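Engineer: have a look; sequence and predicted model below, questions after that.
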Amino acid sequence: MQKKKVEDQVFDANMAQSAHIMELNTVWEDALPLGSKLIYKKNTIIPHIEQQGVYYIKKGRVRLSYISPSGQERIALIYDTHSIFNEARVFAGYDPAGCFKCATDVELYLFPKNLLTKTEFIIKYPEIVKNLLFTMGAKILLHYSFLAEMGTGSSMAQICKFILNLSAKNENTFTFPANMTQQEICDLFGMHRATLARNLKRLKEMGAISHFTMRKVVILDYNLLVRLSK
């Protein structure tokens, strides 16, 4: 695992437009002995209100979601290995009624707020503090970019944009994993499973894609996807 210095990090718009964060906080590995190790099973709701602190994902995946007044779950962000979460809530002192749910079995490290704000910690781990600031700024842009780019247009256009952004995240290849279940994608866009299935079937019939699963997406006609994403 290669740790990237903060000055080498840039905001990844493709990450933003797929609402999927990964490998953003590897520098936190240096401070793991100061954190409390936590193990949770898949589908566990993390008690972030009781355990006030910043979480680092050593292994696994966590999703941040909100429940609409109609009872529908809406995914806001997906955090993958080597990512932190809950930092904005800890430092702002406000919880907007969301929850962090384990999408897989996870291994976490919890860093309490009173540790991260100690002068001694800031002096000893300046790269972590800089990374924390970068991450919070990146997530603000992430939310803005996702709302601006993905929250508009037809369901077909949203799906095509999503596929194109996944391709860009994977070095513009035409075969790559989605790394999300179809239900997670539906929850991300507030879309019914039938709507997603109908659009994916149409894309296959049109020859734009041949596969779309968590482990394998295959693009056949990139230019067609671009046209359909408008």
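Structural biologist: Received, thanks.

Engineer: what is the helix or strand where residue 166 lies packed up against?
Structural biologist: Assigned by DSSP states H and E, residue 166 belongs to helix 155-169. Helices and strands touching helix 155-169, as assessed by 3 or more C-beta pairs under 8 Å, 6 or more residues apart in numbering; DSSP states H and E, comprise helix 13-18, strand 175-176, helix 182-189, helix 193-206, strand 217-219, helix 222-228. C-beta here means a position set from N, CA and C on the backbone, and glycine is covered the same way.

Engineer: least confident of those, on average?
Structural biologist: Note on the helices and strands packed on helix 155-169: lowest mean pLDDT is at helix 13-18, with a mean of 55.

Engineer: got any ranges where the protein has weak pLDDT?
Structural biologist: 1-18, 68-72, 144-152 (pLDDT under 70).

Engineer: can you give me the domain boundaries for it?
Structural biologist: Split into domains by automatic domain parsing, the chain comes to 6-148, 155-228.

Engineer: columns mean neighbour count on top of those, output as a markdown table?
Structural biologist: Rendered in a markdown table, the data for the domains of the chain read as follows (neighbours: other C-beta atoms under 10 Å):
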| stretch | mean neighbour count |
| --- | --- |
| domain 6-148 | 16 |
| domain 155-228 | 16 |
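
Engineer: before we move on, back to that, which of the helices and strands packed on helix 155-169 sits closest to residue 112?
Structural biologist: helix 13-18 (27.6 Å; C-beta to C-beta).

Engineer: ok, which of the helices and strands packed on helix 155-169 comes nearest residue 126?
Structural biologist: helix 13-18 (24.5 Å).

Engineer: just to revisit the earlier point, of all the helices and strands packed on helix 155-169, which one is nearest residue 168?
Structural biologist: Among the helices and strands packed on helix 155-169, helix 13-18 sits nearest to residue 168 (C-beta to C-beta), with 4.3 Å.

Engineer: now do the same for residue 63: helix, strand or coil?
Structural biologist: strand (DSSP: H, G, I helix; E, B strand; the rest coil).

Engineer: could you do the one 3 residues further on as well?
Structural biologist: Going by three-state DSSP, the secondary structure assigned to residue 66 is strand.

Engineer: pretty sure it is touching residue 97, no?
Structural biologist: Yes - using C-beta atoms under 8 Å, residue 66 makes contact with residue 97 at a distance of 6.8 Å.

Engineer: quick one, longest helix in this structure?
Structural biologist: Ranked by residue count and defined by DSSP state H, the top helix of the chain is helix 126-149.

Engineer: tilt between it and helix 182-189?
Structural biologist: Taking axes from the mean of the first three to the mean of the last three C-alpha atoms, to 10 degrees, one finds helix 126-149 and helix 182-189 inclined to each other by 80 degrees.

Engineer: so what secondary structure elements neighbour helix 126-149?
Structural biologist: Packed against helix 126-149 by the contact rule (3+ C-beta pairs under 8 Å, 6+ apart) you find helix 13-18, strand 73-79, helix 87-92.

Engineer: apply 7 Å and report the result again.
Structural biologist: If you count contacts as 3 or more C-beta pairs under 7 Å, 6 or more residues apart in numbering; DSSP states H and E, helix 126-149 packs onto helix 13-18, helix 87-92.
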